[in-house]
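J.: Okay, here's the prediction I keep looking at, along with the sequence it came from:
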Amino acid sequence: MFVINGVNGQTGSAAANTLLERGLPVRVVVRDAAKGKTWEERGAQVVEGDLKDAASLAKAFEGATGVYVLNPPAYRDSDPMGAAEQIGRSLLEALGNASVRHVVLLSSVGAHKTGGLGMIQTNRIVEQALAGLLVPLTIVRASFFMDNWAQSLPVVKEKGILPSFSLPLDASRPLVSSQDIGRAVADELAAGGNGRKVIELQGPRDYSALDAAAAFSQVLGKPIPAVPVSEDQWPAVIKGFGFSPQVAEAYAEMLRNNNAGHFVPEDSATIRHGSVTLEQAVASWLLR
């Protein structure tokens, strides 16, 4: 039995779908059982659990061949680091009390670094919390999500431009699709674990903001230029996302250091590449 958390999110749903398509047994963890009805109809077991409630998680994880865990974004939380610490403690306790053979944790590129992480610090916190697990642990450190560009869809459609925090516009950096992340998680769960392993997951190639604009232009059939969002504009723009002030500050630090090239794979990690191109990802967002 494979247990999937975050099943109503991008990576969790992709992982659960992949396992179900392979005919493997899946148990999904949801905070409200009503939100698991679709998964139940597809043949998955549905259990209630909360990532901050170790007792409920231990019940959900019991007897699992493999468990997928993650630290979901807490963009409106006034203390995102504290929230990550709470989730880390809860996961460690639950996994220690349940009979689990293998754990796959979603993390982020750069989480091995000790400073300058911004919001990626939340992933590092959970990684560190699970360092004491006595069962095999596979850490999937994803590059920045291609899916982040989907947040710009309203502006693309209304104004015909693609705002970019990624600067300079022609700088290419690794990006990966949430679908590739979910499939990689499913692959690791199905394969089983042995000790501690770190996978740095990237897309088929690196992409720049200009590449993203070209992808939008191609799918929409009209020019969509990339427009830089200068750093002095960040506070106002990020505030418009509805983030808490604490998250906004950490998010800006993450963006700034990503532009500076701070986030690179750990030397000892295995680098893998997904197959979904940015062009395919953009088409899927615009056509759904």
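T.: Received, thanks.
J.: quick one, what contacts the residue nearest to G132 when sequence neighbours are not counted?
T.: Of all residues beyond its chain neighbours, the one nearest G132 is L92 (6.7 Å), with distances taken as CB to CB, 6 or more residues apart in numbering. Glycine gets a C-beta too; all of them are placed from N, C-alpha and C. Listed by CB atoms under 8 Å, 6 or more residues apart in numbering, the contact set of L92 reads A129, L130, G132, L133.
J.: Can you report how many residues neighbour the first one?
T.: A129: 21 surrounding residues under other CB atoms under 10 Å.
J.: how close does it get to G116?
T.: 20 Å (CB to CB, to the nearest Å).
J.: Neighbours of A33, how many?
T.: Counted by other CB under 10 Å, the residues lying close to A33 total 11.
J.: D267 now?
T.: 6.
J.: among the helices and strands of the chain, which has the poorest mean pLDDT?
T.: helix 234-239 (a mean of 91; mean pLDDT, DSSP states H and E).
J.: List the buried residues in it.
T.: W234, I238 (16 or more other CB atoms under 10 Å).
J.: Quick check: S108 vs T11, distance?
T.: Separation of S108 from T11 (CB to CB) stands at 12 Å.
J.: So if I had to pick from the two, which one is more boxed in?
T.: Neighbours were counted for S108 and for T11 using other CB under 10 Å; T11 has more, 28 against 25.
J.: where does the stretch 151-288 of the chain dip in pLDDT?
T.: Along the stretch 151-288 of the chain, segments meeting pLDDT under 70 span 288.
J.: avg pLDDT for the lengthiest helix in the chain?
T.: Of all segments of type helix in the chain, defined using DSSP state H, the longest is helix 80-97. In this model, helix 80-97 has a mean pLDDT of 97.
J.: returning to that earlier point: which of the contacts of L92 fall within helices?
T.: When helices are assigned by DSSP H, the members of these inside them are A129.
J.: Can I get the buried part of the contacts of L92 as one PyMOL selection?
T.: Filtering the contacts of L92 down to the buried ones (16+ other CB under 10 Å) takes a single PyMOL command:
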select buried, resi 129+130+133
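J.: can you redo the contacts of L92 as TSV with distance to V7 and pLDDT?
T.: Putting the contacts of L92 into TSV (distance: CB to CB, whole Å; pLDDT from 0 to 100) gives the following:
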residue	distance to V7	pLDDT
A129	22	98
L130	20	98
G132	26	88
L133	22	94
